[in-house]
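Visitor: Any chance you could fold what I've pasted below:
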Amino acid sequence: KKVGTLQGAVSHTLLQELGGVNIKVYSGVVEPYEDLALGRLDAVFLDSPIASYYAKPNKKLKYIGEPVGEGLYGMALRKEDKELRDEIDKILVKLISSGELKKIYEKWNLWDKSQEKLYNYTKEYSGESFKEEIKSISVISFLPTLLKGAIITIGISVASMIVAIILGLTLAIMKVYLKPPFNHFASAYIEFFRGTPLLIQLYILYYGLPNIGISLSPLTAAILGLGMNYASYEAELYRAGISAIPKGQLEAGLSLGMSNFLAVRRIILPQAIRIALPGITNDFIALFKDSSLVSIIAMVELTKSYTILAATTMKFFELGLIVAFLYFAMSYPLSLLSKRLEERLKKKRR
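Guide: Okay, the predicted model is just below:
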């Protein structure tokens, strides 16, 4: 079963402890309920106040049982604000003892038996005690999770690049060799996707298309979003490569009895692609890094894995170094490949 939850929340921890659940992690509280209503999820597991506000009014959704687990909300104050802390405590005690807090909770359908524990809650929890807890956690224990995220990143990047290459080559041919309206369409496509942010394009694909009856999975939306965006850059690389080939070569092919299509396929494109190869590998490196943006549509790749782990353990620096190294390890071989291709191209031109 696919169950949506909020990254770093108690509900996320409870689902992990439960096991046997395909957990979909979100950075916001609105998106999981939208995906549930669209049928992308089987359930959403979040705090009662969140569910009461976002899920209960939605007629497409319903509660499937009593609340489980237990969590507490707290206020964080600076150490020097002792007077403010004491004043807030007095107000809370007054609200609890007078029954006013219960009335407020009941008004918003938040009161249940577990809330009665507030009357006897006296435990103090400081930031220092939290630091002591997370110090004992080794970042090495998170390597399997990060490596899994890296594998997903590689898969998304490779699939997206294949889409970008095929679509980009098609757009380049349409722009250079075809007549209106096809060449105009190719030009408009390239300008639109190069001129708008990738993040907005991903939002439209994943959250916008359901409004017109098209619902994509996170993986499909991620691959299409990255592929369609980078296709615009690939198209210009291929167009530049085609423009670099002397027109006489196409004319020579046509004089030998080749059709226009055959001459382009056999003579022009092989040379144009060879010229464009260094740029293609550079785009592939950039795509690896831009793949981190797909985390906004519930894809748990490398960056999303880092965000979840760092928010839970507060080890932003240590985990960040590991993630940066993993991205470098994935992109550096491509950088070496790009340099070799450029050297080969220079030798052939000589």
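Visitor: Which helix or which strand is home to the residue nearest to residue 207 when sequence neighbours are not counted?
Guide: Excluding the flanking residues, the one nearest residue 207 by Cβ to Cβ, 6 or more residues apart in numbering is residue 34, at 6.8 Å. The way it works is simple: take the backbone N, C-alpha and C, and place the C-beta from them, glycine included. Residue 34 is part of helix 31-37 when elements are defined by DSSP states H and E.
Visitor: just checking, what packs against that helix?
Guide: On a contact count with 3 or more Cβ pairs under 8 Å, 6 or more residues apart in numbering; DSSP states H and E, helix 31-37 meets strand 2-6, strand 22-26, strand 43-44.
Visitor: hmm, who's touching the first one?
Guide: Applying Cβ atoms under 8 Å, 6 or more residues apart in numbering, the contact partners of strand 2-6 are 11-12, 15, 21-29, 31-33, 35-36, 40-46, 50, 298.
Visitor: Starting from that strand, tell me which strands it pairs with and how they run.
Guide: Partners of strand 2-6 in the sheet, by DSSP bridges, are strand 22-26 (parallel), strand 43-44 (parallel).
Visitor: between those strands, which one is nearest to residue 88?
Guide: Among the strands paired with strand 2-6, the nearest to residue 88 by Cβ to Cβ is strand 22-26 (30.4 Å).
Visitor: Please export the C-alpha coordinates of the closest one as CSV.
Guide: Extracted in CSV, the C-alpha atoms of strand 22-26 (Å, rounded to 0.1, in the frame of the first residue of the first chain):
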residue,chain,number,x,y,z
ASN,A,22,5.4,1.9,0.6
ILE,A,23,6.0,5.3,2.2
LYS,A,24,5.6,8.4,0.0
VAL,A,25,7.2,11.4,1.7
TYR,A,26,6.1,15.0,1.2
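Visitor: how far is it from where the chain is centred?
Guide: 12 Å (Cα atoms, centre = their mean, to the nearest Å).
Visitor: shaky segments in the protein?
Guide: 119-136, 345-350 (pLDDT under 70).
Visitor: Give me the domain ranges for it.
Guide: Domain assignment for the chain by automatic domain parsing gives 2-54, 82-120, 140-349.
Visitor: can those go into a markdown table with extra columns for mean neighbour count?
Guide: Formatted as a markdown table, the domains of the chain follow (neighbours: other Cβ atoms under 10 Å):
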| stretch | mean neighbour count |
| --- | --- |
| domain 2-54 | 18 |
| domain 82-120 | 12 |
| domain 140-349 | 17 |
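Visitor: can you pull the contacts of residue 328?
Guide: By Cβ under 8 Å, 6+ apart, residue 328 lies in contact with nothing.
Visitor: That one in helix, strand or coil?
Guide: helix (DSSP: H, G, I helix; E, B strand; the rest coil).
Visitor: do residue 80 as well
Guide: Three-state assignment for residue 80 (three-state DSSP): coil.
Visitor: number of nearby residues for it?
Guide: 8 (other Cβ atoms under 10 Å).
Visitor: what are the phi and psi values for it?
Guide: Taking degrees, to the nearest 10, you get phi -80, psi -10 for the backbone angles of residue 80.
Visitor: From residue 34, how far out is it?
Guide: According to Cβ to Cβ, to the nearest Å, residue 80 stands 42 Å off from residue 34.
Visitor: so is the closest residue to residue 108 other than its chain neighbours in a helix, a strand, or just coil?
Guide: The shortest distance from residue 108 to any non-neighbouring residue, by Cβ to Cβ, 6+ apart, is to residue 52 (6.5 Å). Using three-state DSSP, the structure places residue 52 in helix.
Visitor: Contact partners for residue 52?
Guide: Counting by Cβ under 8 Å, 6+ apart, residue 52 has contacts 108-110.
Visitor: can I get these in JSON lines with secondary structure and distance to residue 240?
Guide: Compiled in JSON lines, the contacts of residue 52 are given as follows (DSSP: H, G, I helix; E, B strand; the rest coil; distance: Cβ to Cβ, whole Å):
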{"residue": "108", "secondary structure": "coil", "distance to residue 240": "60"}
{"residue": "109", "secondary structure": "coil", "distance to residue 240": "62"}
{"residue": "110", "secondary structure": "coil", "distance to residue 240": "61"}
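Visitor: Centre of the chain to stretch 293-313, how far?
Guide: Averaged C-alpha coordinates place stretch 293-313 at 7 Å from its chain's average position (Cα atoms, centre = their mean).
Visitor: What of stretch 94-112?
Guide: Distance, centroid of stretch 94-112 to centroid of chain: 39 Å (Cα atoms, centre = their mean).
Visitor: Check whether residue 159 really touches residue 224, as I assumed.
Guide: No: taking contacts as Cβ atoms under 8 Å, residue 159 lies outside contact range of residue 224: 9.6 Å.
Visitor: Give the intersection of the neighbour lists for those two.
Guide: Common neighbours of residue 159 and residue 224 (Cβ under 8 Å, 6+ apart) do not exist.
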